[in-house]
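> Curious how this folds, go ahead:
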Amino acid sequence: MKVTYTKGTISVEIEADTQIELFQQLANFQEIFAESMCGKCGSEDIRFQVRNVDDNLYYEARCISCGAKLAFGVMKKGGRLFPKRKDKEGKWLNNGGWVKWNPDTQKEE
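Here you go, the predicted model:
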C-alpha cells in the first residue's frame with residue numbers, strides 16, 4: 001500500500017506492505033518532521049539544517065526568528081534520527097528540547 005502524508009508544507013510518500021510497517025514509517029517521519037513551531041518563541045519559521053564540524057554531522061531544526069535549535073541524534077543501530085529532548089543526565093529539557101545559546105552564561109538554555 002502507498003500513502004501520501006502531508007504535515008504543513010512537507011509531504012512524503014510512504015510505501016509499505018503491512019499496516020504495521022506503514023504505522024512505523026509514519027511514526028518515524030512524524031517524530032522528526034512534525035515540529036511545526038519553535039519551542040522557545042512559538043515562531044513557525046523553522047528550517048532543518050545539517051552542520052559539519054570536523055567531519056561530524058549535526059542535525060538540527062533551527063528557528064529563524066529567535067535562533068533556538070532542536071538537536072537530533074542518530075541511533076547507533078539503523079541510523080534513524082531522533083529529537084534530543086533530554087539532557088546528558090536523562091532529565092527532560094524545558095521547551096520540548098529547544099535550546100538557545102546564552103552568551104552571558106556560556107551555556108545552552
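> Can you list the residue ranges for strands in this structure?
2-7, 10-15, 46-53, 56-63, 69-74, 81-83, 101-102, 107-108 (DSSP state E).
> Format those strands as a markdown table; extra columns: distance to Asn28.
Using the backbone N, CA and C atoms, a C-beta is placed for each residue, glycine as well. Formatted as a markdown table, the strands of the chain follow (distance: least, C-beta to C-beta, whole Å):
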| stretch | distance to Asn28 |
| --- | --- |
| strand 2-7 | 11 |
| strand 10-15 | 9 |
| strand 46-53 | 15 |
| strand 56-63 | 14 |
| strand 69-74 | 12 |
| strand 81-83 | 8 |
| strand 101-102 | 29 |
| strand 107-108 | 26 |
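> Double-check Leu22 against Tyr5; I have them as touching.
No. Using C-beta atoms under 8 Å, Leu22 is not in contact with Tyr5; the gap is 9.6 Å.
> Between these two, which contacts overlap?
Ile14 (C-beta atoms under 8 Å, 6 or more residues apart in numbering).
> what's the most buried one of the strands of the chain?
Of all the strands of the chain, strand 69-74 has the most neighbours on average by mean count of other C-beta atoms under 10 Å, namely a mean of 18.
> For that one, report the contacting residues that lie outside it.
With contact meaning C-beta under 8 Å, 6+ apart, strand 69-74 is reached by 32, 35, 39, 58-63, 80-84, 96-100.
> cool, stretch 23-40 as well?
For stretch 23-40, using C-beta under 8 Å, 6+ apart, the contacting residues are 3, 5, 7-8, 10, 12, 14, 16, 43-46, 61, 63, 65-66, 68, 70, 72, 80-83, 95-100.
> Done for today, thanks.
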